[in-house]
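Student: How does the following fold in three dimensions:
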Amino acid sequence: MSQTKTLAELTIKNNFLFSAVMLDPENCRGLLEIVLGIPIDRVIVSREQCLIYHPEYRSVRLDIYAKDSRNTHYNVEMQVSPKPALTKRCRYYHSQMDMELLHCGQDYQELSDCFVIFVCDFDPFGKGRYLYTFENCCMEEGELKQEEGCRSVFLNTCVRNLEEVPAGLVNFLEFVKADLAESQRNFRDVYVTQLQDSIRLIKSSREMEDKFMTLQEVILDERAEAKVEGRAEVILEL
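Tutor: Sure thing, here's the model as predicted:
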């Protein structure tokens with residue numbers, strides 16, 4: 001079992017800290033803008049769907065669920081290490097968003113556009129690209145896209161094609177990749193400075209420290225129970 005860390009020892013690549021930082025709508029909006037390369041007027045982050053433990057499913061949800069002023073929906077998650085079926089996880093998140101929208105009374109033709117974004121501290125497809133974007137298209141006619149309004153985006157901190165990466169995104173990826181000491185340096189980037197300020201506030205918050213400690217206790221209890229029952233662990237790493 002990996003040694004537990006304190007809140008002060010975390011960097012933004014930690015699932016808990018990343019989610020806590022992105023609960024701030026301005027931080028989330030800034031990330032979406034540099035990833036998608038488009039201006040976004042306003043973002044609403046669903047606090048009810050983030051930093052949640054689901055006892056029924058023995059799982060922790062630390063991804064970010066948000067929507068913008070055009071009602072485009074986003075699911076954003078940090079991925080520190082390769083996991084099996086990452087693309088199937090992406091598919092599941094898309095289906096979750098669609099079901100929630102349909103439960104809100106939307107008809108199929110009214111379904112909002114949605115993005116699933118994974119920030120990966122590894123190269124998920126081994127091609128050296130900083131960004132992999134997927135949409136459904138016809139296998140026989142590659143230019144023919146299925147206009148369903150869904151897009152999957154995978155970011156990669158292990159970049160080889162830096163000349164293709166916008167400067168703001170390079171700085172963010174380097175910030176994610178950095179260890180604790182390196183993450184505190186001056187990246188000469190307005191957005192990264194904004195994130196560093198948010199992290200300092202979170203780490204100085206007794207409420208956030210209590211939440212982190214409680215979540216760690218829940219995860220350790222679940223691991224112990226999983227070991228006794230001989231079942232696979234499904235609880236994520238903090």
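
Student: Let me see the backbone angles for the residue located most distally from the centre of the chain.
Tutor: In the chain, counting by Cα atoms, centre = their mean, Glu140 sits farthest out from the average C-alpha position, at 32.9 Å. The phi/psi pair for Glu140 (degrees, to the nearest 10) reads phi -80, psi -30.

Student: Let me know the pLDDT of it.
Tutor: For Glu140, the model assigns a pLDDT of 88.

Student: phi, psi of the residue positioned nearest the centre of the chain?
Tutor: Closest to where the C-alpha atoms of the chain average out (Cα atoms, centre = their mean) is Glu77, at 1.6 Å. Here is the backbone geometry of Glu77 (degrees, to the nearest 10): phi -140, psi 140.

Student: and it, what does it touch?
Tutor: Shown in contact with Glu77 (Cβ atoms under 8 Å, 6 or more residues apart in numbering): 15, 62-64, 93, 117-119. C-betas here are computed from N, CA, C, even on glycine.

Student: Output those residues in JSON lines, with neighbour count and pLDDT appended to each entry.
Tutor: What follows is these, written out as JSON lines (neighbours: other Cβ atoms under 10 Å; pLDDT from 0 to 100):
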{"residue": "Asn15", "neighbour count": "21", "pLDDT": "90"}
{"residue": "Leu62", "neighbour count": "22", "pLDDT": "65"}
{"residue": "Asp63", "neighbour count": "24", "pLDDT": "77"}
{"residue": "Ile64", "neighbour count": "26", "pLDDT": "88"}
{"residue": "Tyr93", "neighbour count": "20", "pLDDT": "89"}
{"residue": "Ile117", "neighbour count": "23", "pLDDT": "96"}
{"residue": "Phe118", "neighbour count": "22", "pLDDT": "96"}
{"residue": "Val119", "neighbour count": "23", "pLDDT": "96"}
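
Student: In JSON lines: those residues, plus distance to Gly168 and secondary structure.
Tutor: Shown next, in JSON lines, are the contacts of Glu77 (distance: Cβ to Cβ, whole Å; DSSP: H, G, I helix; E, B strand; the rest coil):
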{"residue": "Asn15", "distance to Gly168": "23", "secondary structure": "helix"}
{"residue": "Leu62", "distance to Gly168": "24", "secondary structure": "coil"}
{"residue": "Asp63", "distance to Gly168": "23", "secondary structure": "coil"}
{"residue": "Ile64", "distance to Gly168": "19", "secondary structure": "strand"}
{"residue": "Tyr93", "distance to Gly168": "25", "secondary structure": "helix"}
{"residue": "Ile117", "distance to Gly168": "16", "secondary structure": "strand"}
{"residue": "Phe118", "distance to Gly168": "19", "secondary structure": "strand"}
{"residue": "Val119", "distance to Gly168": "14", "secondary structure": "strand"}
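
Student: export those residues to CSV and tack on distance to Tyr191?
Tutor: CSV is the format used below for those (distance: Cβ to Cβ, whole Å):
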residue, distance to Tyr191
Asn15, 20
Leu62, 21
Asp63, 20
Ile64, 16
Tyr93, 24
Ile117, 16
Phe118, 19
Val119, 14
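
Student: of those, closest to Pro82?
Tutor: Phe118 (11.1 Å; Cβ to Cβ).
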